[in-house]
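*Asks:* Got a sequence here, can you build the structure:
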Amino acid sequence: MASVTPLRPPPHDDLAIARAHLRRLYDVARGHKRALVLTHDNPDPDSMASALALAFLLERGAGVRAQVAYGGIIGRAENRALVRVLKLAAVPLSRVDIGAFDLFGLVDTQPSIGNHSLPPGLHVDLVIDHHPPRVQSQAAAFHDVGGEFGATSTILASYVRAAGLRPPRALATALFYGIKSDTRDLHREFVGADVDNYLWLFPFADKAALASIEHPELPSEYFAAYHSAYEKARLYGHAVVVDLGELYAPDLVAEIAERMLSLEGMKWSLALGTYGGQLFLSVRTSDRRMNAGRLVRRLMDGRPGGSAGGHGAMAGARLPLPKAGARRLSAAVVRDFLRAFDVGRKKGVKLVP
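*Replies:* Okay, the predicted model is just below:
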C-alpha cells in the first residue's frame, strides 16, 4: 500500500472516546429483546458491514438478538459477492416481521434522509453514520453521526476494538472492504481513524475472499450497460454527464459516476438512470473546493418525494418518477446540474463520436 497522508487530524479516533460511545450504546440497548438493524436501500459494502458490526456488538455486549435487513436490492456484482462469499446474515426487509422487534437501528443513513425502508412513524433508537448530521438524528436515544470519517465501517470497527473483541473473519473482511471501497483504498476523503482501523482489520480479513469479492463474475447486462454508458456520455468542459435510461440495478449509477470521473480532465461527473419507478442519480467530484453533497441537495430542492445524501467528493439521490415519465425529469436534473457550472444550454460533446 502506498504511503498516505490524512486530509486532517481525525476528530475522535481515540479508543477512550470510542469506549464512551460504546457504553452509551449498551446502556440504550440493554433490556431490549430483539433489534432490527437497517442499512440504506440497495446497500453498498460500507452500509452492510456496519450493520453487521452493530448487530455483532448488540449480541455480544448487550445481550440483544439482532437481525440485519435492507430495502431494495443488492445489485452490483461486487456487493452480491460480498454477501455470498462471506455468507452474511442479512435479509430483505420484506421478509421481516417488524412487530417482532423492540429496538431499531439505522447505519450509514439517518432517519430524515429517506434512502431507507424503515416504515414511517417508527421511532429509531440507534443511528450511526459518517455522513453530515441531520437534526432528526438527535431524537434517537443513541446517535453517533457526522465527523470526518471516510466510512461508517471505521466507526463500527473502532467500537469493536473498544469492546476488546476480535471480529470474526467474515465481519473483519466486510469491515475492511467497507473502508476500502468507500475511501477508494484510502485515496478519497479519509482520516487517521480510517487508516488505523484499515490496518487493524487487515490481519483478520480473509484475503482469498477479498479477491473473490473484488473480482466477481459479471452478468452480460453489466457489459451492455457500460457500452451504453460510453455511447451516451456527454462532456461539458470539466463535467461529464451520462443518462443511462432504464437500469438493471440501481447502484450502477454510482459505479458509472465513479468510473467517468477518471476520464482525463474531468472534475465532476453525473450519472442517472431509472429503476423501479424512481430516478437514481450519483455525483462525483475531484475538486476539493466544491461539495457534491450540497450540490445534490440543491438539485433536490423543490422536487417532492426526493431523498439525497452525501458529502464532499460523492453524493447520491433518488426521485419518484412523475406520470409524464422519466425523460423530462432527467433532462431537468441535468439542466440544473449544468447550471451550477454556468454551462447553460450548451450542447455536450460526445465521449464516443
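*Asks:* So, low pLDDT: which residues of this structure?
*Replies:* 1-13, 343-346 (pLDDT under 70).
*Asks:* Domains in it, by residue range?
*Replies:* Listed domain ranges for the chain are 15-214, 221-343 (source: automatic domain parsing).
*Asks:* So for K350, which of these sits nearest?
*Replies:* Checking the domains of the chain against K350 by CB to CB gives domain 221-343 as the closest, at 6.4 Å. For every residue, glycine as well, the C-beta is placed using N, CA and C.
*Asks:* Name the next helix or strand downstream of the lengthiest helix in the chain, please.
*Replies:* Scanning the chain for the longest helix, with DSSP state H as the assignment, gives helix 45-62. Tracing the chain C-terminally past helix 45-62 and defining elements by DSSP states H and E, one meets strand 65-70 next.
*Asks:* re the thing from before, JSON lines for the domains of the chain, including distance to L351 and mean neighbour count?
*Replies:* Shown next, in JSON lines, are those (distance: least, CB to CB, whole Å; neighbours: other CB atoms under 10 Å):
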{"stretch": "domain 15-214", "distance to L351": "22", "mean neighbour count": "20"}
{"stretch": "domain 221-343", "distance to L351": "4", "mean neighbour count": "18"}
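*Asks:* With distance to K350 added, can I get the ones you listed in JSON lines?
*Replies:* Converted to JSON lines, the domains of the chain look like this (distance: least, CB to CB, whole Å):
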{"stretch": "domain 15-214", "distance to K350": "26"}
{"stretch": "domain 221-343", "distance to K350": "6"}
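*Asks:* re earlier: in CSV, list the C-alpha atoms belonging to the longest helix of the chain.
*Replies:* The C-alpha coordinates for helix 45-62 follow below in CSV (Å, rounded to 0.1, in the frame of the first residue of the first chain):
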residue,chain,number,x,y,z
PRO,A,45,-20.3,-2.7,1.4
ASP,A,46,-19.9,0.1,3.9
SER,A,47,-23.5,0.0,4.9
MET,A,48,-23.8,-3.8,5.0
ALA,A,49,-20.6,-4.2,7.0
SER,A,50,-21.6,-1.5,9.5
ALA,A,51,-25.0,-3.1,10.1
LEU,A,52,-23.4,-6.5,10.7
ALA,A,53,-20.9,-5.0,13.1
LEU,A,54,-23.6,-3.2,15.1
ALA,A,55,-25.6,-6.5,15.3
PHE,A,56,-22.5,-8.3,16.5
LEU,A,57,-21.9,-5.7,19.2
LEU,A,58,-25.5,-5.8,20.4
GLU,A,59,-25.5,-9.5,20.7
ARG,A,60,-22.0,-9.8,22.3
GLY,A,61,-22.1,-6.7,24.5
ALA,A,62,-25.7,-6.0,25.3
